[in-house]
Each structure stands twice: as structure tokens, then as C-alpha cells.
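Colleague: sequence isn't available, so here's the structure alone:
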């Protein structure tokens, strides 16, 4: 090498991030005692800590929110703190967008914007926010270790001690991953906690990774997103659940799986102890789960169906129940749940054989999306669960039952199941010629259409009409026909002729209730092991504590 | 629900795992002081801790080995400890198989068996070991959270304190993930450490997750698997590196990437500061990396090419260098590297645009494998890096430059690049009609052939003949032709006629050196920024300390 080049290299500083971190921490010293920030000075502290243009990760998970820090960030003076680049996995709070409206932040990379999706689309149209990209949750975290290293991360946890050791509580979710991305790249880790204690219940994140903690005046916001009231489950959901159980779970022998959060999958959970028991399936299917502690899974757990549940996050109200069932759930030495989104995603992609979830819209080729007109919702975690990971190399009977690949590289395939009624409430068809998402993508200038799950990745679709075995289709045309056969009177379904349906049934691409020996008359609410939240509480032996909004008694 | 069913449920114990763990820990108390086991009584301790039929995860990573515990396990009396089910990601030590030969263990789930692959195949043929499945690394960890929960895990770390807090050192690799799988499902976590200290350098794993530690009489075994001596890099490697740089990196604008460990990819790393500089590519490509600290990356780092490197594991000899370059590498407060295989895998799948690696064999359809006759090597991590993850939803220019998907669900695609000379040492063709792996799979009764990377997932193949752009092929036949065009005089390449090659060049499916404006005469060792290990030490400013086997001076 040339001497001059070597001289240039040695003259370069290799510790800029470290020096910048030191400066930031010195700047907040007036507002802190050791690692503990004064909650009353949080605005001053943030303004001292942040630099214009900083990349800031704000937690922002699926369920829990660092809301005290979000509020403080939104309150910063845009003359002092501006042009931030925010990384937020789930945009759930008004403050997440106030930050942009006020000019504190300018650029945004995110994964999901459910509750704020309409305002999000508006801000984008108004040029108030520049979107880098819309990710899935794990993609956004992945980029924090590559090209989106955060300068500062604003997190939340239940407890901290004065050394910064954190107890995240049952809803661990993404906190360890975001903390790791910052702590080991000289980013600043600031955590709002519900309480400061002398000794945390258990250490979920070592104090070595944490720079600053602040006791929030109120516990962080947490939504019970995975609670489905059995009262809302209708006969059509129950029929679909029966079809899924016989036509998918039993047929493929699915032992390890992931469920979405719709009423239709809740119905499946609730008929395991009744219909599933009748079919003699206990111990044969549904033994290992990757999902949050769904209250509607309690009857199946109590009836001995479930060997293990690993969770992405927690669910408010299930704390005591989970703590009392450590043979099933992952719990710490202190007894409470340990969740972890990244590891549960890993399990969902590489260790389970099936994902089943509902969709708002499915097009004629089986592409599906939850994006509808005027909303910019993003993706969450469904695309990661809802695809066939080609990096898998071990096999299982369920996986092998879907032959895939080209000779000689034959392999199995993950079951990716979409379940939906042909028409939604209000008579809106679930099956449409073109997804609203395609138009939303075009209108907002997205580089690719925001499709949630690709039709080519979907192996089965279940409706009240029957089951379409799309993985058996040998062409796109055949896939579309099989889908049309169970799409009822929707624009996608109404033009398929009866003789073609018969042929598809004969070839095994479609199964109607009678083909699966499902007695439609049995699809009654009496088949649900629990018909109300109260029933779930009873099943739990009084260990489940439903959140207030689910208590009707 | 029926009263009787509820009574049965409440009679069931839900804390069996917890009770079993308590019993085990009580049984080892005679051999421990607090959490610290007496190294001299390790055999007694293991025999007290383990129960016949236990599922035991033994670390067994890609690089580091809990060798003291492996040796003790192999020494157990098979009358006391037998029929274990072992989970080992990398079978590297003779003791890993002695355990089976002696009857201590019977069942095995693993990911890679490089150094022990011949003996492994023999033991399998002799019926001494029952293989559950061969996984990739992350699949095996994923299953620890689903259907392969370990009862006991045997790990290694550099330091522990008496509370069980661990410092894993730069080679963090898989230790936190395996520890989490056990610690939160009432498994026992036992860790051999190089030293017991009053205070660990930094806490990588909290003591709350660790039950027992033992000071090993010698440091754990650690292999420098990622060190490639530039002396071994020949002119053909350099030519391929030039072709890759122009035909793939430059053409697609690849900024975030992962490299395998071959001499061919090492050559690419070493011509960035020379050929890459000449092409004006610094700052335009190769900015963000996910890979271990390859010594051959040092000149590119020193020349200002590299903005970040996140690592699966460490690499012996790079400790001081990495610690002095915290702007580039992920390091802890103590200054040393933090690696993490699961997070780096996540980054490799969802945040980088390209994987490039070499293969031992590639068939005519571009399926590739490192399995050759008589060896049962397994997969390691290549299949996870070497596929297009359909769960990705954000885009980048490189990813978008490979159009994929069916309308309207159009998307981009990951670059999965295979690089190899047409003939290996000894004149063995790299391109063959049928992979040895197919025969090995059939002979050993594997449910699917052990293909490393599927042909349909490969986007580019680079040889000394040129670059095949397989992602542009519209049929399997066209993919095979494009591959044949660069497969030289191998059985795969020799029958393609010249006119067909011309047509493929015109259509952009194949590029020869002249198409890429690569001057073949420049492919000389003088183009390497470092031509020896000594040169790498010089580039590092004396910070790189090569392991003894790489020191020739």
C-alpha cells in the first residue's frame, strides 16, 4: 500500500460515535443524578441530549409505548431539536405524528401505523413527513444493525435500578433488540420506567447497556391487542373454524403453528376442546404455539392441548394466568412471562409449520392486504410469518405434506393459510378484483405495492364455502380458479361455473364442507368452549383478569 | 364446560419443569459452592444433574466450543446417564461423537458437522446415532423455543462472577440465545468460563439467567475460521473478484452485503482499495457489512470503504483491531466486540441486499452444496443468507434492480451470488450434472436432498469465464443455458454452442470479461491491497495479531 494512504488512514478518527456519545451524556448531567434523569426536567434533558438530524428510535412496539418520552419529544423546541430521523415500529400515539407536524422530526422509517394511518397518509400528502420505507417489524430492527444505526433510543420498561438494570415485564417485545442496537454502537439508551427500585424483579437487560433512566409519572401505555371477546364470534366464524380444523390442521397434521388475531382464528382456538376433542385430535395437532397469550387459548391449554407457547409480547390481564402455567409459557425465575419478538419471529419462520391469519382484502390471485383506501397502515409482522422461508432445511410431516421445489431440489413448504368470510360486515366483499393497496401504493409513490402476503406464498384459503388448496395449483390460472370456487358471490367468485368447481373438487384443489365431512348444522355458538369473557375467567380458575373494556359484568 | 373437565384440569400440575429443575439443582449442591461448581468434581456434578432421556444443548457454535463440558459429558457413565437427546449446532470436537459411541447420548439434532462429517456418516450407518434432523444454525435455535426445549444447556463464556453474570467476549455468537431458551423454560443453564472474577468486564448475559458456572482448567476452544491468508489467493480468484465487482457490485449498486469465507470473496475484499478505488466506487458500494471480522477486510476498512460491520461471531487475532475501530464495529462499553448470530442473521436476511459465497459443487440448474461423498456436513448458516426472503417489504435500489413477483404484486429480490472457479484443485469440476449431496441424501435416508442453496434462489453465478444473470432467465431451460455459458469445460458447460452464448450475451443473461470491460491482464496479485498476513498486520497499524498457524515469519 502507499505510504500516503496509510498516513491518511491513521490520521482518521475511529471513535467519533463514542466521542459524540460522551458529549451528549455530559450535556444531560445537569438534569441527572447518576443514571437517573429528573422526570420534571425531561424536556431540558432531551433538548440537551439530541442534535439536529439525529437518528432516534422511539419505542413504538406493537403493544407497549414509551409514551412519556414520546410526549416530551413532541414538546421539544423545533429551533433546538429539528430534522430528526425517527425509527418507530408502530405509530400508535398522536405524539408520534405531532413530532413531524411541529418540525422536530422530518424523516420516518416505520413498520405499522394502524391507529394513526389516516393522519399519516395526510401528513405524507402535505409533505410534513418524508418516509424512508415501510418495513415489517423485524426488518426495521435488522436495519438498526446495518444502515440505520440509531444515535439515541427512547425505550420503556417496568422497573429499573440505579445501575440501569431493567425489568421489562411480560411485554418484553422489542426492548432488548433496540437496546442492543444502540448500546453496542455508541448510541445513547434512555429508558422510561414505571418505577425505580433497589432491586429489579429480574434482569431482562443488563445495566451495562443502559445510559439513562427516568421514572415516568404514569405507567407506559399498553394495549390489549390480542384479546378477542368470544361474544363477537358468530356461526360463520365457527363454520370456518370447523373447516380449517378438518381441512387443514387435521389433514396436514399441524403440530407447531402461529395464529393471527382475528375472530375466525379465535374460533379455532375455542373449538379445540369441543370439536377437536370429538375428532380425537388432542395430542395430534396444535401442540406448540408461537403467539402472544391469547385469552381465547385458555380453554385449550386447560384441556391439555397445548405443550408450549412462546410469545412475541405479553397481553394485559393474562399475567397471573401465565405465571401459574410455567410448563406451557416461557417465564423467568421471578415467575413472570418472558417474551421476545425477534426470537418468536425466528421461531415463527423456522420452527413452526403453519401461519393462519385473516385478511381484509384478497384479490383474484390470492394476494392479500389490510391496507384500505386512504390509510397507510404498513405491515407489522404478518409478511414474516406469512411466507415460505426458503432457508429452512429440516423437515416435519406437515411441511413435507406440501411438496415444493424443482427436481432434484425437492423440499416441503410452510402452510400459509388465509381465512376470511366472503363478505365482511356491511356487505363489503373480501374478495376483490384489485386490492385497494395497489391504488394506495401508486397514490403515495411507494416503490412497490404494499401487499401484505403474496398470492404465490399462500398455500390455503378458508372461507365459509370451503377450503382452497392453492399449493396444489400447477398454474396461476388454476390458483385463481381454486380461489374463485370458495369466494362465494363476490366479484372474484361469482363467475366460476359449477362444472369447473366439480372438477376442482375431484382434483383435490377445493374441498366443500361435505368433502371434509363437516356437518354445517353443528356450527353453533354452543360449540365454543367459552362463549364470553366471563367463561374464559372461569376456565382460568379465576387467574385471568380481563382489562376493564372487556368486562361487561 | 363440564364440571368434571374443569376438575381434571385443576388437578394437573403446571410446574413439572420447575420442580424437575429444583431437584436437579439440589442434586448438584454437594459439588458446588453457591452457583460455582468445583471443576474437579465436574463428572459427579454432570451425573447428578442429568437424567436419562434429557434433552441437552451443548455449545457447539460455529467457532467456540464448550470443550471442558463436552469432555466431561463424554466421560459420563452410560449406566447413569444414557439416551440423551443432544442439540449441537456445530459438531466440531471428537467428544461430540464419543458421547454417542459410549451410549451416553442416542438422539441428535444438529446444524453442521464439518470436521467430524466422515465419522458422523459412519456412526449413522452403524446405528449409533439417531438423527432427528439437520438444520441451519438459526433453525435449531428456533426449535429450542418451540418443540425442542432443552432440559439442560452446557455453554461457555470468558468470565463469570459469583452471581452468574457472564462476559462472553467478542465471540458472543449463540450463547445468549441458547441461554434464553433454557433460562425461561425452567431448563438448567451451566456455563464453563475461562475465569471467575469479582466483576465481569461487561454483562452480556445477566446472572438471573444462569444457574451454575465452572472455571475450566483451560480457555474454551476457538477456531479462526474466517482468516484467509492472502498468499493463497491466485490470479483466477482475482479475475473473478474483478468480474464480480463490475458485473454485480457496481452494476446493482450493492451497499449492504454479506460475504462467505472463500478465497474468492477474500479477493474481492482485497481489491476494493485498488481496483474498486480506480473505478471510483468508494462510498457507492460495500458500505454496510454483516460478517465476522475478516482480517482481509482490514485494508478496505482502513481505506474508508466501510461504514459498519455487524458480526455473527468474533475472529481470533482481531480483538485489538476491532476494539480500536468502534465507529465501524459493534463494541461494548468495555471496548470489546459484541457479536450475536441471531441478530446478524436477522440483518443478513432482512437488511442486506446481497449474499455472495463459494460452493464446492453446483449442478446444471444452479443448485449448490458443500456436501460431498461420504460426508454428512450439514448446512451451517448459508441457506439462511442464500435465499430471497419473501417477508421483506422495504426496498432499496439494489433490491429493486432485480424485478420479481407476479403482477400486481411486484417486488424486488435479494442478490444471491455463487462464485467459483470452473475447476477446483486437482482438476475436479465445480459444475456437475448431479450433486453428490443427492446421493448422500438418498444413502442416509434423508427426507429431502441436502441442497445448500436452491438454484431457483440463486440470482448470479460468477466464474473466471464471466457472470451469469440467472434472475433474468424466464424459464428453467434458460437458467441452465446461462449457467452453462460460464461453466467452461466442465460437464455442464462443454456442450453449449457458441451461437447460443452470443444470444445470451445479447439478451444480458451472460456477461464475459470484455462485456464488463474487465481487462483480464490486470488480474495479478499486485492488485491485492495485501498479499500476505504480514501486509494485513501492517495495514492494521500493528493492531491485528494473527493466530500462530498464520504466522510465517
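Modeller: It's in. Small disclaimer: the values here were computed from a predicted structure and weren't measured.

Colleague: ok now stretch A:467-476, how far from the chain's centre?
Modeller: Between the centre of stretch A:467-476 and the centre of its chain there are 27 Å (C-alpha atoms, centre = their mean, to the nearest Å).

Colleague: that one and chain B, any residue contact?
Modeller: Yes - on the criterion C-beta under 8 Å from any C-beta of the partner chain, stretch A:467-476 is in touch with chain B at residue A:476. Placement of C-beta: from N, CA and C, glycine included.

Colleague: measure that stretch end to end?
Modeller: Distance between the two ends of stretch A:467-476: 17 Å, counting by C-alpha to C-alpha, to the nearest Å.

Colleague: what's in contact with that stretch?
Modeller: A:243-244, A:247-248, A:365-366, A:402, A:404, A:413, A:455, A:458-462, A:479, A:481-483, A:485-486, A:507-511, A:516, B:406 (C-beta atoms under 8 Å, 6 or more residues apart in numbering or on different chains).

Colleague: buried sites along it?
Modeller: Within stretch A:467-476, the residues that count as buried by 16 or more other C-beta atoms under 10 Å in any protein chain shown are A:467-473.

Colleague: what's the answer for stretch A:332-346, then?
Modeller: A:332-333, A:336-346.

Colleague: and stretch A:538-549, by the same measure?
Modeller: Buried-residue list, stretch A:538-549, by 16+ other C-beta under 10 Å: A:538-540, A:543-547.

Colleague: hmm, that stretch in reach of chain B?
Modeller: Yes - part of stretch A:538-549 sits near chain B under the criterion C-beta under 8 Å from any C-beta, namely A:538-539, A:541.

Colleague: again, but for stretch A:49-67
Modeller: No - if you take C-beta under 8 Å from any C-beta as the test, stretch A:49-67 misses chain B, and the best it gets is 12.7 Å.

Colleague: circling back: can you say which of the contacts of stretch A:467-476 are buried?
Modeller: For the contacts of stretch A:467-476, a neighbour count by 16+ other C-beta under 10 Å gives the buried set as A:243-244, A:247-248, A:365-366, A:402, A:404, A:413, A:455, A:458-462, A:479, A:481-483, A:485-486, A:509-511, A:516.

Colleague: among the contacts of stretch A:467-476, which are located in strands?
Modeller: The strands, defined by DSSP state E, take in A:460-462, A:510-511 from these.

Colleague: make TSV out of these and add pLDDT and distance to residue B:52.
Modeller: As requested, those are arranged in TSV below (pLDDT from 0 to 100; distance: C-beta to C-beta, whole Å):
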residue	pLDDT	distance to residue B:52
A:460	98	41
A:461	98	46
A:462	98	44
A:510	98	49
A:511	98	45
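
Colleague: and of those residues, the nearest to residue B:56?
Modeller: residue A:460 (37.0 Å; C-beta to C-beta).

Colleague: quick one: average pLDDT of stretch A:230-242?
Modeller: Averaging pLDDT along stretch A:230-242 yields 98.

Colleague: also stretch A:161-180?
Modeller: With pLDDT averaged residue by residue, stretch A:161-180 scores 96.

Colleague: same check, this time on stretch A:479-492
Modeller: 97.

Colleague: what residues does it touch?
Modeller: A:362-366, A:422-423, A:429-433, A:455, A:461-470, A:472-473, A:493-496, A:500-501, A:504-505, A:509-510.

Colleague: can you flag which of those residues belong to strands?
Modeller: A:362-363, A:431-432, A:461-463, A:466-469, A:510.

Colleague: now the residues you listed in CSV, please, with extra columns for distance to residue B:286.
Modeller: Below are the ones in strands among the contacts of stretch A:479-492 laid out as CSV (distance: C-beta to C-beta, whole Å):
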residue, distance to residue B:286
A:362, 41
A:363, 39
A:431, 46
A:432, 44
A:461, 43
A:462, 46
A:463, 49
A:466, 52
A:467, 48
A:468, 45
A:469, 45
A:510, 50
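
Colleague: and those, which two are the farthest apart?
Modeller: Greatest spatial distance in the ones in strands among the contacts of stretch A:479-492: A:432 and A:469, 21.7 Å, computed using C-beta to C-beta.

Colleague: mind listing the helices for the stretch 201-350 of chain A?
Modeller: Counting by DSSP state H, counting those that start in this stretch, the stretch 201-350 of chain A has helices at residues A:235-244, A:251-252, A:263-271, A:277-278, A:298-302, A:319-323, A:341-350.

Colleague: give me the contacts around the fourth one.
Modeller: Applying C-beta under 8 Å, 6+ apart, the contact partners of helix A:277-278 are residue A:303.

Colleague: angles on the backbone of residue A:131, please.
Modeller: Dihedral pair for residue A:131: phi -90, psi 120, per degrees, to the nearest 10.

Colleague: which residues are in contact with it?
Modeller: So residue A:131 contacts A:107-110, A:124 (C-beta under 8 Å, 6+ apart).

Colleague: local confidence estimate at it?
Modeller: Note for residue A:131: predicted pLDDT of 92.

Colleague: name the residues linked to it by a beta bridge.
Modeller: residue A:108 (DSSP bridges).

Colleague: report the distance from stretch A:209-227 to the chain centre.
Modeller: Chain-centre distance of stretch A:209-227: 18 Å, with C-alpha atoms, centre = their mean.

Colleague: scratch that, stretch A:169-181
Modeller: Its chain's C-alpha centre and that of stretch A:169-181 lie 14 Å apart, by C-alpha atoms, centre = their mean.

Colleague: what residues of that stretch count as buried?
Modeller: Of the residues in stretch A:169-181, A:169-181 count as buried by neighbour count, 16+ other C-beta under 10 Å.

Colleague: out of those, which are inside helices?
Modeller: Those of the buried residues of stretch A:169-181 mapping onto helices are A:175-181, per DSSP state H.
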